[in-house]
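> Sequence and predicted structure are below.
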Amino acid sequence: MSLISRHIEAAGIPTVVIGAARDIVEHCGVARYVFTDFPLGSPCGEPWDTDQQRAIFQMALDLLEEAEGPRTTREAGFRWRAGEDWKRLVFTAEQPWQDEATHAQWMARKEEYRQLRAAGRV
């Protein structure tokens, strides 16, 4: 979504991205971003909570109007009602879906990337 937003902005159409995964979205350099600290798949609010969803959407419209410069991020400020256990499941160094061989290949590719980056090749 972030890259699509940048493409649309390049065509002269202003955009606002509403989403989680702040590090990824900000790295892509979107013009305007409303960050919701919610599980992936629920950027606009909790299911069935129309008041919360309207408030987040209004934040996006306000940001479209009020942003003073590029790469503006606004935090929605809401907390996931069921707690933050979802973060423990998402933000983990372990990747239980990988077998040992897949994990070893992944780590080798990461190390290769680090070396290329240190050499200024990426």
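Now that the structure is in, tell me what you want to look at.

> ok, for Glu75, nearest residue in space, not its chain neighbours?
In space, and not counting its chain neighbours, Glu75 is closest to Phe35: 5.1 Å by Cβ to Cβ, 6 or more residues apart in numbering. To be clear about C-beta, it is placed using only N, CA and C from the backbone, and glycine gets the same treatment.

> Name the SS class of Glu26, please.
Each residue gets one of three states, and Glu26 gets helix by DSSP: H, G, I helix; E, B strand; the rest coil.

> let's have the chain start at 41 instead
From this message on, residue numbering opens at 41, which makes the last subject Glu66.

> Verify the contact between it and Arg111 for me.
Yes: Glu66 lies in contact with Arg111 (Cβ atoms under 8 Å); the separation is 7.2 Å.

> Between these two, which contacts overlap?
Shared contacts of Glu66 and Arg111 (Cβ atoms under 8 Å, 6 or more residues apart in numbering): Tyr73.

> more crowded one of those two?
The residue with more neighbours, out of Glu66 and Arg111, is Glu66; 15 against 12, by other Cβ atoms under 10 Å.

> what residues are up against that one?
73, 111, 113.

> Which stretches in this structure count as strands?
Ranges of strands in the chain, per DSSP state E, are 57-59, 72-75, 112-115.

> Out of these, which is the most enclosed?
Stretch with highest mean neighbour count among the strands of the chain: strand 72-75 (a mean of 23; mean count of other Cβ atoms under 10 Å).

> helices and strands around it, which ones?
Contact here means 3 or more Cβ pairs under 8 Å, 6 or more residues apart in numbering; DSSP states H and E; on that basis strand 72-75 packs against strand 57-59, helix 62-68, helix 90-106, strand 112-115.

> Would you check the distance separating the second one from the middle of the chain?
It refers to helix 62-68. Relative to its chain's centre, helix 62-68 lies at 5 Å (Cα atoms, centre = their mean, to the nearest Å).

> can you check the first one too?
Taking Cα atoms, centre = their mean, one finds strand 57-59 lying 7 Å from the centre of the chain it belongs to.

> Quick one: list the elements packing against that strand.
Where contact means 3+ Cβ pairs under 8 Å, 6+ apart, strand 57-59 is packed against strand 72-75, helix 90-106.

> Including distance to Gly160 and mean pLDDT, could the strands of the chain go into TSV?
Formatted as TSV, those follow (distance: least, Cβ to Cβ, whole Å; pLDDT from 0 to 100):
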stretch	distance to Gly160	mean pLDDT
strand 57-59	31	95
strand 72-75	30	96
strand 112-115	29	95
